[in-house]
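Novice: next input, structure requested:
(2 chains)
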Amino acid sequence: MKRLATAITVLSLTGLGTTAVAESHVDPAIAGAMKARQAHMQLYAHNIGVLGGMARERIAYDADAASAAASNIAALSQLDQSTYWPEGSDNSVEGSKALPAIWENLDDVMSMSEDLVMAAAAMEDAAGQGLGALKGAMGGLGGACGACHEDYRESDD
Amino acid sequence: MAGRLLKGVAALAVAGGAAGWWLTAPEPLPADHLAGLTGDAAAGERVFIAAGCGSCHTAPDAEAGQGLPILAGGQRFETDFGTFVAPNISTDPNHGIGGWSDMDLANAVQRGVSPGGAHYYPAFPYTAYARAGRQDIADLIAYMRTLPADATPSQPHDITFPFNVRRSLGGWKTLFRNEDWVVTGNLDSQVERGRYLVEALGHCGECHTPRNALGGLDRGNWLAGAVNPDGEGRIPDITPEGLGWSAPDISAYLESGFTPEFDTAGGTMVSVIKNTSRLSVQDRDAIAAYLVALP
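Specialist: The predicted structure is shown next:
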């Protein structure tokens, strides 16, 4: 009996998990915006990877390379992204992990975006000033990324 | 419609079980559990951080890491069983735990039993904390008593039938409470420390291990990933096969929140990183050593 109840409940839970059915026809405008913002995130990750590799002492510290990566991040943080995030591009669309809460809390999202601009500027100042300064600015930068991912990106494995 | 019917059938099956468990009474700790121990508040702060108490019990709008944590409660956790609301556990004598004895606190944390003898819901991870050492519990209590009082009343949970029958939690405990370590065998001292941090204080399995239909952890799929218990998406598989990170990668992630690809932690893991970033490097390395040693 218990096994039956378990199986039934698991089935119903599984059903709940797949209500966000993959949409086979994604609006090309939505798909394009998602590609653009995911590419933008990838550019962040690549440049943070240069700084993080130095911070973790896996690659040798190089002031010029660090400054270049930090300048890229600072420039990226200031790009206007308003057309990257059209309504209807939340995680109900296959390939999107953007939670609907983004569009319900745009003021909060924008305030977090400004925090990222500040953290990126702090890193831009620090990155060429030695490994210690670079390491000291990593926490602020990571915190600014994580603050938005905490509330607005779907958990995923 | 089919989904609702299935859920109804499942609820009835659970209710039938609940009636059978009616006589299951709370089992408090032995009265001498803390005998002879003196709590050290400074050590207790480290236990508090490793156990992540502040992640759930601070107010929803509190900023972590700024001054002493104010454990006013109020964060809401929406689950398949209903909505749990973290209670006030500040030192306020009326609305918090200021009037509780040390044994009241130990019974709450390690047995999930209230001072009045009621069962707590296992959203409070007492089944993991049950594995904590007695000295750590004494230290934690000493630290909690140094924290500010806050007079915000605790809010009731909003739990659906039959899970709102608290007495049935006695049966839940009988079925699913298991104080044995999940990973056993000959462990070196670093992996053993990691096991303590992951399986006891850090209660990582609460989200990273799948649960059965009644909310019991599936120890056979330990840390193998699960549906997000509180929101959308999934919680990652962090077994060596599922994660594929080196021990230094894991340790660096727990410090900075950056993955090896320099993506960042998201969701509730962000507040976990706020805690793990404050652990000693030895403790982060121990967690990493344990995770890469998982069978």
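
Novice: following element in sequence after the single longest helix found in chain A, please.
Specialist: Ordering each helix of chain A by length in residues (DSSP state H) puts helix A:28-55 first. Per DSSP states H and E, helix A:28-55 leads on to helix A:63-78 as the next helix or strand towards the C-terminus.

Novice: list the helices and strands the helix or strand just after that next one packs on?
Specialist: Counting by DSSP H and E, the element after helix A:63-78 in chain order, helix or strand, is helix A:101-104. Using 3 or more Cβ pairs under 8 Å, 6 or more residues apart in numbering or on different chains; DSSP states H and E as the contact criterion, the secondary-structure elements in contact with helix A:101-104 are helix A:131-152. C-beta coordinates here come from the backbone N, C-alpha and C atoms, glycine included.

Novice: near chain B at all, the helix it packs on?
Specialist: Yes: contact check for helix A:131-152 against chain B, using Cβ under 8 Å from any Cβ of the partner chain: residues in range are A:138, A:139, A:142, A:143, A:145, A:146, A:147, A:149, A:150.

Novice: over to stretch A:52-63?
Specialist: Yes: counting by Cβ under 8 Å from any Cβ, contacts between stretch A:52-63 and chain B involve A:52, A:55, A:56.

Novice: what number of residues lie near the first one?
Specialist: Think residue A:52. If you count neighbours by other Cβ atoms under 10 Å in any protein chain shown, residue A:52 ends up with 25.

Novice: and it, how far from residue A:67?
Specialist: When distances are taken as Cβ to Cβ, to the nearest Å, residue A:52 and residue A:67 turn out to be 15 Å apart.

Novice: list the contacts for the closest residue in space to residue A:133 that isn't next to it in sequence?
Specialist: The shortest distance from residue A:133 to any non-neighbouring residue, by Cβ to Cβ, 6 or more residues apart in numbering or on different chains, is to residue A:126 (4.1 Å). Contacts here follow Cβ atoms under 8 Å, 6 or more residues apart in numbering or on different chains; on that basis residue A:126 touches A:70, A:133, A:134, A:136, A:137.

Novice: and for residue B:151?
Specialist: With contacts taken as Cβ under 8 Å, 6+ apart, residue B:151 has the following neighbours: B:92, B:94, B:95.

Novice: so which of those sit within helices?
Specialist: When these are checked against helices (DSSP H), there are no matches.

Novice: and of those, the nearest to residue A:156?
Specialist: Checking the contacts of residue B:151 against residue A:156 with Cβ to Cβ, the nearest one is residue B:95 at 37.7 Å.

Novice: neighbours around that closest one, how many?
Specialist: Around residue B:95 there are 19 residues (other Cβ under 10 Å).

Novice: what about it, distance to residue B:159?
Specialist: Plainly put, residue B:95 is 21 Å away from residue B:159 if you go by Cβ to Cβ.

Novice: would you turn the contacts of residue A:126 into a markdown table with pLDDT and neighbour count?
Specialist: Compiled in a markdown table, the contacts of residue A:126 are given as follows (pLDDT from 0 to 100; neighbours: other Cβ atoms under 10 Å in any protein chain shown):
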| residue | pLDDT | neighbour count |
| --- | --- | --- |
| A:70 | 98 | 26 |
| A:133 | 98 | 16 |
| A:134 | 97 | 23 |
| A:136 | 95 | 15 |
| A:137 | 96 | 22 |
